[in-house]
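**Q** Got a sequence here, can you build the structure:
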Amino acid sequence: MKFSEIVEQACDLLQRTGRVSYRALKVEFDLSDDLLDVLKEELIEVRDLAVDKDGKILVWTGASLVPGSKFQISSSQPPAPNTQTLDPRR
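**A** Take a look at the predicted model:
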C-alpha cells in the first residue's frame, strides 16, 4: 500500500472515530516508528486535521460531514445560530 493511501485511510478512520491511539495506527497499518512519525506530521502539521494528546493519541480537529449531504463544515468555526423558532407567532 502506498503511503498516500495510508494517509487517506488514517484520515477516514480518525474522522469517523474522533480519536485514535498511535499504537492502534501502528497495528492497523503495520507502521514502523519512523512511518508513524511521518503520518503524525502529515495529519498534524501539513493537513492541520488533528492534534496530539499526551503523546499517545491523535484527536480529529478537521472538517466533518454535514449530516445528509456531501458537504463539510470546519469544526474550528461554531455553527451558525438557528434564528428560526418553532412558534409561528414569533
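
**Q** So which bits of the helix or strand that contains residue 59 are buried?
**A** Residue 59 belongs to strand 57-60 when elements are defined using DSSP states H and E. If you call a residue buried by 16 or more other CB atoms under 10 Å, then strand 57-60 has these buried ones: 57-58, 60. Every residue, glycine included, has its C-beta placed from N, CA and C.

**Q** Turn the residues you listed into TSV, including distance to residue 33.
**A** Output for these, formatted as TSV (distance: CB to CB, whole Å):
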residue	distance to residue 33
57	16
58	15
60	22
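
**Q** mind listing the helices for the chain?
**A** For the chain, the helices defined by DSSP state H cover 3-17, 22-29, 33-41.

**Q** So which other helices or strands are in contact with the shortest one?
**A** Helix 22-29 makes packing contacts with helix 3-17, helix 33-41, strand 57-60 when contacts are defined by 3 or more CB pairs under 8 Å, 6 or more residues apart in numbering; DSSP states H and E.

**Q** Which elements pack onto the second one?
**A** Just to be clear, that refers to helix 33-41. helix 3-17, helix 22-29.

**Q** so which of those comes closest to residue 49?
**A** Of all the helices and strands packed on helix 33-41, helix 3-17 sits nearest to residue 49, with 6.4 Å by CB to CB.
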